[in-house]
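[1] This is a predicted model, with the sequence first.
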Amino acid sequence: MIQEWPDVRRRLFNKYPSRVGYNANDRPVDWGECNNARVPMRTAREFKLYLDPSFRDDFEGSPTHAEAVTYYQDYMREIYRHTEDFFSRTVRNWHQRNVEYRFSIPTTWKNPRLTDQLKDWLAAAGFTNSHNRRVLVSQTEAEAAAVYAAKHYEVFYDTALKSSWTSR
């Protein structure tokens, strides 16, 4: 799990904020924490709900679906770059290895076409730029969380069971 993120000093995070900072020309100049005081920017945040075109919000200043897609692709482009950079520094021959990036979709998404669109957005962000990189979108976030919990519970249960058995 990547816990080291840009602009975060002496702290480890399992998650990183979904934010993108844009300059006056609408070019991305920062991401995540978006605390680059040297560059004046507007920050796009809380845009993921708007990836679903059926999501409705009357809040003034809410992003359009098209804006949300742009923000998402810009954010995920930086996630991809950071991930590739991190693993190229920590895993031998990283760029020659086959890598499958797995993503989940929000549980609230009811339209199955959004899964295909998500794959397209991730490809546009760079996740499939190499012949040995692929994207798999196969679970909802709730399903992914359940699998994660089950795997960690199994490890905890096996460890606890073995330690109680050997202490008898």
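    Arrived safely, thanks for sending.

[2] Tell me where the model's unsure across this structure.
    Counting by pLDDT under 70, the ranges of the chain that qualify are 1, 7-13, 37, 153-168.

[3] What segments of this protein are helices?
    Assigned by DSSP state H, the chain shows helices spanning 65-90, 113-124, 141-166.

[4] and residue 130, which of these is closest to it?
    Nearest to residue 130, of all these, is helix 65-90, at 9.2 Å by CB to CB. The C-beta positions use only the backbone N, C-alpha and C, and glycine is treated the same way.

[5] That closest one: how far from the chain's middle?
    Remark: helix 65-90 is offset 8 Å from the chain centroid, using CA atoms, centre = their mean, to the nearest Å.

[6] And stretch 123-140, by the same measure?
    For stretch 123-140, the distance to the chain centre is 12 Å (CA atoms, centre = their mean).

[7] That one: end-to-end distance?
    One end of stretch 123-140 to the other measures 19 Å (CA to CA, to the nearest Å).

[8] Show me the contact partners of it.
    72-74, 76-77, 79-81, 95-107, 109, 115, 118-119, 122, 147 (CB atoms under 8 Å, 6 or more residues apart in numbering).

[9] buried sites along that stretch?
    Neighbour-count burial for stretch 123-140, counted by 16 or more other CB atoms under 10 Å, picks out 124, 125, 126, 127, 128, 133, 135, 137, 139, 140.

[10] Over to stretch 45-64?
    Quick answer for stretch 45-64 (16+ other CB under 10 Å): 47, 50, 51, 52, 63.

[11] Now the two most distant members of those residues.
    52 and 63 (12.1 Å).

[12] ok, of the contacts of stretch 123-140, which come out buried?
    Here, 16+ other CB under 10 Å leaves 72-74, 76-77, 79-80, 99, 101, 103-106, 109, 118-119, 122 buried among those.

[13] sorry, back to before: of the helices of the chain, which is nearest residue 21?
    Here helix 65-90 is closest among the helices of the chain (CB to CB), at 9.6 Å.

[14] Mind giving me the packing neighbours of the closest one?
    strand 19-22, strand 28-31, helix 113-124 (3 or more CB pairs under 8 Å, 6 or more residues apart in numbering; DSSP states H and E).

[15] Save these as a markdown table, and put in distance to residue 2 too.
    Listed next are these as a markdown table, based on distance: least, CB to CB, whole Å:
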| stretch | distance to residue 2 |
| --- | --- |
| strand 19-22 | 17 |
| strand 28-31 | 14 |
| helix 113-124 | 17 |
